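# Just to be clear, the model below is a prediction. Sequence and coordinates:
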Amino acid sequence: MTRLVYLIIACFMMSIGLYSCEAETAEPQLSEEKLVNTLADIHIAEAALQALRGKTKDSISQAYYEQIYSIHGVDSALVQTSLEAIRRQPEQMKDLYDQVMERVEKLNALAKDPEDKE
């Protein structure tokens, strides 16, 4: 009987180990371009929210995020799981955020001089 309990525990631990290995190799669910554009808009929204406080900040933040997710056809869970997959690869994460910052800079330049097209 004791061997059976140990066998069940061992099988359980192995299945957890296999599941965790599978989760680590997950690929981002969003394309890199979609993720870059979504994250750039999120960064801009966060910058706009810096001066706000309290309930005003919370309600406007929620509206911004809903609008961003709607524009890009994603939801928070999809963005989060894609980021989690990339976080396990530091070099890819750095490249992603370099692209995000480049996109933010382009959008800022466009906002300052609307005659410059992307």
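Cool, got the structure.
# Please make it C-alpha for all contacts and neighbour counts, starting now.
Noted.
# what bits of this structure have low per-residue confidence?
1-26, 114, 116-118 (pLDDT under 70).
# Spell out the residue ranges of the helices in it.
For the chain, the helices defined by DSSP state H cover 2-24, 32-49, 54-72, 76-87, 90-112.
# need those helices in JSON lines with mean neighbour count, can you?
As requested, these are exported to JSON lines (neighbours: other Cα atoms under 10 Å):
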{"stretch": "helix 2-24", "mean neighbour count": "11"}
{"stretch": "helix 32-49", "mean neighbour count": "17"}
{"stretch": "helix 54-72", "mean neighbour count": "14"}
{"stretch": "helix 76-87", "mean neighbour count": "16"}
{"stretch": "helix 90-112", "mean neighbour count": "15"}
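# Make sure residue 64 is actually in contact with residue 47.
No - between residue 64 and residue 47 there is no contact under Cα atoms under 8 Å: 11.5 Å.
# quick one, phi psi at residue 31?
Here is the backbone geometry of residue 31 (degrees, to the nearest 10): phi -70, psi 160.
# go on, residue 74?
Note on residue 74: backbone dihedrals following degrees, to the nearest 10 are phi -130, psi 180.
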